[in-house]
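*Asks:* What follows is a predicted structure for the sequence shown.
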Amino acid sequence: MDLRVKSDVFCVQTSTELHEAQDRIDQLQAERLKLLERLTEAEATLKSPREVTASLERRIVDINAEATTALDRLRRYLADQDRGQSGVLPARIKALQDENNSLRRANSVLRRHSAMHELDVDTIVLASAGISTDEIDWTLLGLHPPDVFVGSPQSGGGSSSPDEPSTEASSTPVVPRSSPPASTSSASSSSKRKRDLSPRSSTEGAAASQLPPVQASRSRFC
């Protein structure tokens, strides 16, 4: 009797343990399925970046090939240009140097003759460039509007006859001269008085040449 009871108890315990083991196996299978689902999702997530990376690698290879081809084409073009224009740049530089030397000589001659004829070099340079004094904002430069003076004529090799009217004073060019700043107004006024005297003396000399000999001699004594 005791053996039968013991065997029943053993069977009950064994069945209980078997059911517990089966439940544990079921739980492990459920966890395994969940892990498989997560692994599938992870693989799907990694698949898209891999495709993007592969696409970028292909584009990089294509762009490198195109850039290499364009660079080779540019190098050949530059080599052809260098061979075709090997003598153009030195000739151009030589022409510019000659032009610069010519302009320097012309500038030297212009300033020398302008100093002899008491002309304003700056105004002449502006006039040769097509710039008039009216187009310059003198207030912006801190200067006064330019004065107008008549340069004294130089005596030529031959003298005009009494019958021909003298046109030296009338043919003298009228050149606008830019006045200096206000700090040098006294020097400007003195130089202006000297300039005003020179055309008056030239006009008197021209008028004296038109008078008869007696009147001319009287005008000289006067």
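*Replies:* Now that the structure is in, tell me what you want to look at.
*Asks:* make it CA atoms for all contacts and neighbour counts henceforth
*Replies:* Noted.
*Asks:* and the next element down the chain from the helix or strand hosting residue 73?
*Replies:* Using DSSP states H and E, residue 73 sits within helix 2-84. Next along the chain after helix 2-84, taking DSSP H and E as the criterion, comes helix 88-116.
*Asks:* Neighbours of residue 124, how many?
*Replies:* Residue 124: 19 surrounding residues under other Cα atoms under 10 Å.
*Asks:* any idea which element it lies in?
*Replies:* With DSSP H and E as the criterion, residue 124 is inside helix 121-128.
*Asks:* and that helix, what does it pack onto?
*Replies:* Judged by 3 or more Cα pairs under 8 Å, 6 or more residues apart in numbering; DSSP states H and E, the packing partners of helix 121-128 are helix 88-116, strand 174-177.
*Asks:* Most tightly packed of the ones you listed?
*Replies:* Mean neighbour count (mean count of other Cα atoms under 10 Å) peaks for strand 174-177 among these, with a mean of 17.
*Asks:* which stretches of this protein have low pLDDT?
*Replies:* The model of the chain has pLDDT under 70 over residues 1, 84-88, 129, 133, 140-222.
*Asks:* can you confirm residue 131 is in a helix?
*Replies:* No - according to DSSP: H, G, I helix; E, B strand; the rest coil, residue 131 belongs to no helix; its state is coil.
*Asks:* number of nearby residues for it?
*Replies:* Using other Cα under 10 Å, residue 131 has 13 other residues around it.
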